[in-house]
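K.L.:
when you get a sec, could you give me coordinates for this:
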Amino acid sequence: MNIVNLTPHAITVLEQWVEEWVEVATFPMHETGFFARVDYESHSAGQIIHEGHPELTIPLFGIETGSVRLYHLGTPNSDETTHGEGVTGEFPDPKEGWLFIVSCRVAAVLKDRDDLLVPFGMVRDDSGAVIGCQGFTRTPADCRGCAVVE
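P.N.:
Below you'll find the predicted structure:
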């Protein structure tokens, strides 16, 4: 199997040996610099008023999920807080013998595909930074398992 990482960072798979995590494999970001993101549109859905602080109103947004697109790391506005700008292409069609590492959000939108891998069992260091994952899952329903492993 060919495995292509379409996240904007390297993915390291770790295995626990006694008291330490050992690197099994690392999948660097795809050499082209492309990564997958979900396009979305947001709109105002009202406000939340904090009971103890009526002067404090917090915006509430509704989000409508769109399609999955490929962005390029060097494209302006290509982070996940923006949408629709910097689009460089469509997500690749399934191809025999190929698997794509994607975020849980991307896998949830492309839920009918069986060629997607989502990092599973996030491993964090003592400071809380993600240092890798224990493996992958193929189904977005399993994304709840992307929880932290201490």
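K.L.:
OK, contacts around the residue sitting nearest the centre point of the chain?
P.N.:
Note on the chain: the residue nearest the mean C-alpha position is Ser103, at 2.4 Å, using C-alpha atoms, centre = their mean. Applying C-beta atoms under 8 Å, 6 or more residues apart in numbering, we find Ser103 in contact with Thr7, Ala36, Arg37, Val118. C-betas here are computed from N, CA, C, even on glycine.
K.L.:
looks like Gln134 contacts Val24 (just checking).
P.N.:
No. Using C-beta atoms under 8 Å, Gln134 is not in contact with Val24; the gap is 9.1 Å.
K.L.:
list residues touching both of those two?
P.N.:
Shared contacts of Gln134 and Val24 (C-beta under 8 Å, 6+ apart): Val13, Leu14, Glu15.
K.L.:
what's the pLDDT at the last one?
P.N.:
Read that as Glu15. Per-residue pLDDT puts Glu15 at 93.
K.L.:
count the residues that sit near it.
P.N.:
14 (other C-beta atoms under 10 Å).
K.L.:
swap in Gly121?
P.N.:
17.
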